[in-house]
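Engineer: sequence? don't have it. structure:
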């Protein structure tokens, strides 16, 4: 999939922010290019989303060589008032989205540790 990703018409269940966060949860050292391809977004859109997530405290990064390693705050409460009112965390969202069973267990453990 080279160039600009295929466009999508109509609504979807997930926001691009959730897709990018899930892609990073699966590979914390993923390149922006790889995240963009996985999420079917432009690299520029992914850079903007990462900046949004970092500014809001959901994500941070450490520069390693020519790339970044990202750190997600699994205990951070989701932004929408409905989810925030229920105390739903990033870990609970990612547990639904990521495909790696071992990684799901790690996020669940981090969330339990952070809240305990």
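Structural biologist: Thanks, I have it. Predicted model, so just to flag it, every value in this text is computed and none were measured.

Engineer: just the strands in the chain please.
Structural biologist: 59-64, 67-72 (DSSP state E).

Engineer: What is the last one packed up against?
Structural biologist: In this case it means strand 67-72. With contacts defined as 3 or more C-beta pairs under 8 Å, 6 or more residues apart in numbering; DSSP states H and E, the packing partners of strand 67-72 are helix 16-26, strand 59-64. No exception for glycine: its C-beta is placed from N, CA and C like everyone else's.

Engineer: Pick out the residue closest to the middle of the protein.
Structural biologist: Residue closest to the mean C-alpha point of the chain, counted by C-alpha atoms, centre = their mean, is residue 21 at 0.6 Å.

Engineer: Where does pLDDT dip in the chain?
Structural biologist: Residues of the chain that meet the criterion pLDDT under 70 lie in 1-8, 99-116.

Engineer: Could you point out which of the helices and strands packed on strand 67-72 sits nearest residue 45?
Structural biologist: In this view, those are compared for proximity to residue 45 by C-beta to C-beta, and helix 16-26 is the closest at 6.7 Å.

Engineer: For this protein, just list every one of the helices.
Structural biologist: Ranges of helices within the chain are 16-26, 32-39, 43-55, 81-85, 90-97, 101-115, based on DSSP state H.

Engineer: quick one: buried residues of the fifth one?
Structural biologist: Using 16 or more other C-beta atoms under 10 Å as the test for burial, helix 90-97 gives 90, 91, 92, 93, 94, 95.

Engineer: which two from these end up farthest apart in space?
Structural biologist: Within the buried residues of helix 90-97, 90 and 95 form the most distant pair, 9.6 Å apart (C-beta to C-beta).

Engineer: if we can go back for a sec, for the residue nearest to the centre of the chain, give me its contacts.
Structural biologist: Neighbouring residues of residue 21 by C-beta atoms under 8 Å, 6 or more residues apart in numbering: 53, 58, 59, 72, 90, 93, 94, 97.

Engineer: How much space separates it from residue 27?
Structural biologist: For residue 21, the distance to residue 27 equals 12 Å [C-beta to C-beta, to the nearest Å].

Engineer: re earlier: nearest to residue 32, of the strands of the chain?
Structural biologist: Shortest distance between residue 32 and the strands of the chain, using C-beta to C-beta, is found for strand 67-72: 8.4 Å.
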